[in-house]
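A.B. asks: quick one: sequence plus predicted model below, questions after.
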Amino acid sequence: SLAPALAALPRQVNLLLLSAQIQLGLGRTEPALAQFRTVLKNNPRYAPAILETADALIDSNRADAAREVLISHEQTLGTRMETYRLLAQAARAVNNTPEAQYQTANYLVARGDAGGALAALDAGLAISSLNASERARMKSRRDEIRMLLPENWRPRQPDRGQR
C-alpha cells in the first residue's frame, strides 16, 4: 500500500502519479483521472505529469481531452518524441487520420527516422478526403524534413532477401 508513503510525503509528485496509475489499473477510472488532473494542476510544468495524464485520458477514451492537455502545456516540448507519439495516438483514437499521419511523421523525425517520417507524410498526402489546409500543412512539413537531409539522401530500400 502507498498509504504510509503518501502520508509521509503528501506532495511527492511521483507517488501521486503512481497512486493514480494504480487506481486506473484497478478500474477506478474517474478517481484516477481526478488525481491526474490535480497533480497536473499543482505541477503544470512537470512533463511526466503531462504525459501520464494524456496517456491515461487516451486509455480512457478521452482522446480529445488528451490532445488538449498535450498542446496546452508548453513543457511537453522538452519531451517531443513522446508528445508526438501521444498526439498521433489521440488522433487515431478519434479517426483523424491526417492528424495521425502528421504527428506520426513528427514522432519519427524526433526518433531520427527521416525516411519513415517522409513515408508517413506521403501516406497522409494520399488520403483522398484531405482538405487544402491539411494538404498544405503536410507538404510544408515534408519540405522541412527534406531540407534537413543531405541532397543525395535516399531512403533505405528494404532487404529483398537476395541470395
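C.D. replies: The structure has been received and is ready for your questions. Numbers count the residues shown, from 1 in each chain.
A.B. asks: name the single longest helix found in this structure.
C.D. replies: For the chain, the longest helix by residue count, based on DSSP state H, is helix 132-148.
A.B. asks: that one packs against which elements?
C.D. replies: The helices and strands touching helix 132-148, judged by 3 or more CB pairs under 8 Å, 6 or more residues apart in numbering; DSSP states H and E, are helix 97-111, helix 114-125. Where you see a C-beta, it was placed from the backbone N, CA and C, and this is true even at glycine.
A.B. asks: what residues does that helix touch?
C.D. replies: Contacting residues not belonging to helix 132-148 are listed as 98, 101-102, 105-106, 109, 114, 117-118, 121-122, 124-125, 130 [CB atoms under 8 Å, 6 or more residues apart in numbering].
A.B. asks: repeat for stretch 84-99
C.D. replies: 51, 54-55, 58, 61, 63-64, 66-67, 70-71, 100-104, 106-107, 110, 124, 127, 130, 134, 138.
A.B. asks: sort out which residues of that stretch are buried, please.
C.D. replies: The neighbour-count check on stretch 84-99 (16 or more other CB atoms under 10 Å) flags 84-94, 96-99 as buried.
A.B. asks: could I have the buried ones of the contacts of stretch 84-99 as ChimeraX selection syntax?
C.D. replies: A single ChimeraX command selects the buried members of the contacts of stretch 84-99 (16+ other CB under 10 Å):
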select :51,54,55,58,63,66,67,70,100,101,102,103,104,106,107,110,124,130,134,138
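A.B. asks: please name the nearest non-neighbouring residue to residue 51.
C.D. replies: For residue 51, ignoring the flanking residues on the chain, the nearest one in space by CB to CB, 6 or more residues apart in numbering is residue 82 at 5.4 Å.
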